[in-house]
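J.: Generate a structure from the sequence data that follows.
(4 chains)
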Number of protein chains: 2
Amino acid sequence: MATGTPVPGRPVRGSRTGRPIMAAFDLLGRRWALRVLWELRDGPVGFRALQERCDDVSPTVLSARLAELRDAGLLWQDESKAHQLTAIGRDLSRSLKPLLAWSERWAAETSR
Amino acid sequence: MATGTPVPGRPVRGSRTGRPIMAAFDLLGRRWALRVLWELRDGPVGFRALQERCDDVSPTVLSARLAELRDAGLLWQDESKAHQLTAIGRDLSRSLKPLLAWSERWAAETSR
DNA sequence: CATAGTGCTACGTATTCCATAGCGCTCCCA
DNA sequence: TGGGAGCGCTATGGAATACGTAGCACTATG
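T.: This next block holds a predicted model:
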């Protein structure tokens, strides 16, 4: 699984260029990846708690996403095995904030 | 396919709440969704051209993603069948800009 | 010990994605 | 007016991914 993790600088699934944004799209465009980052935005969370927050995602997939995001350097595990964001991971989390605001405009738009 | 499209205000795959951000995660967390929005950021593009820009994504998936994004109100087709962003779609595209900047910091971080 | 809780893996099934082929249509130019 | 080239998009079968359930190993607590 480690070698399949998208990382900037080398070709990824869906792009031969290795451009960072393409690696990001590959990494984040996998099921539950965005959600996991989102649920970790306020601090460390254990495996089962994280699973609950993600509407009981199957442990198989959660484990795979966590491993990928860890390999990509976005999160890590402390001594108590809890998962939490790294500095660059928190940075990404902040970069996703505009998405929250957008989604509410989208909701307003859609309900009209 | 139309009924499976995530839309804010009703339950989506991965969340019963229907909160807009969750619908967005479901919609955008599908393969090629982010990439398609990205490639449409500068104006209308035809089906085959879009396919090329997305590193020859299979037409099956491209067609599915386009239908979902269309149902979600993020893009539409003009008379010549070219696909382009709606106002709210362009808004989302702008909201993704911070992601580009982040991906470059990530690349710098990773190569060290 | 026993019980309960946590982190995570195994494994079989369901869903999604993918590659290739090709249909129907329009445009162009002989 | 017909033949070719381009377009948008769908059909189909096989490969990859996600899902759901069960359960193992470990720790803390009684």
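J.: Sketch out the low-pLDDT regions of chain A for me.
T.: Filtered on pLDDT under 70, chain A yields the residue ranges A:1-4, A:9-12, A:14-17.
J.: Give me the number of neighbouring residues for the closest residue to DNA strand C within chain A.
T.: The nearest approach of chain A to DNA strand C comes at residue A:46, 2.1 Å away (CB to the nearest atom of the strand). The way it works is simple: take the backbone N, C-alpha and C, and place the C-beta from them, glycine included. As a burial measure, residue A:46 scores 13 neighbours (other CB atoms under 10 Å in any protein chain shown).
J.: and the gap between the residue nearest to it when sequence neighbours are not counted and residue A:112?
T.: Leaving aside its sequence neighbours, residue A:46 sits nearest to residue A:82 (CB to CB, 6 or more residues apart in numbering or on different chains; 5.1 Å). Distance, residue A:82 to residue A:112, by CB to CB, to the nearest Å: 42 Å.
J.: next SSE after the strand or helix carrying residue A:90?
T.: Residue A:90 belongs to helix A:87-95 when assigned by DSSP states H and E. Note on helix A:87-95: by DSSP H and E, the next helix or strand toward the C-terminus is helix A:97-111.
J.: Going by neighbour count, which residues of the helix holding residue A:90 are buried?
T.: A:88-93, A:95 (16 or more other CB atoms under 10 Å in any protein chain shown).
J.: is it possible to export those to TSV including distance to chain B?
T.: Output for those, formatted as TSV (distance: CB to the nearest CB, whole Å):
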residue	distance to chain B
A:88	5
A:89	9
A:90	11
A:91	6
A:92	5
A:93	10
A:95	4
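J.: Count the neighbours of residue A:65 for me.
T.: When counting by other CB under 10 Å, one arrives at 23 neighbours for residue A:65.
J.: Using the three-state scheme, assign it.
T.: The three-state assignment at residue A:65 reads helix, by DSSP: H, G, I helix; E, B strand; the rest coil.
J.: unless I'm mixing things up, it is touching residue A:37, no?
T.: No - counting by CB atoms under 8 Å, residue A:65 does not reach residue A:37; the two are 9.4 Å apart.
J.: Could you tell me the phi and psi values at residue A:85?
T.: Main-chain torsions, residue A:85, degrees, to the nearest 10: phi -70, psi 150.
J.: same question, residue A:76
T.: The phi/psi pair for residue A:76 (degrees, to the nearest 10) is phi -150, psi 170.
J.: What about it, how many residues nearby?
T.: 14.
J.: again, but for residue A:33
T.: For residue A:33, using other CB under 10 Å, the count is 22.
J.: surely it meets residue A:68?
T.: Yes - if you go by CB under 8 Å, residue A:33 and residue A:68 touch, sitting 7.4 Å apart.
J.: list residues touching both of these two?
T.: residue A:27 (CB atoms under 8 Å, 6 or more residues apart in numbering or on different chains).
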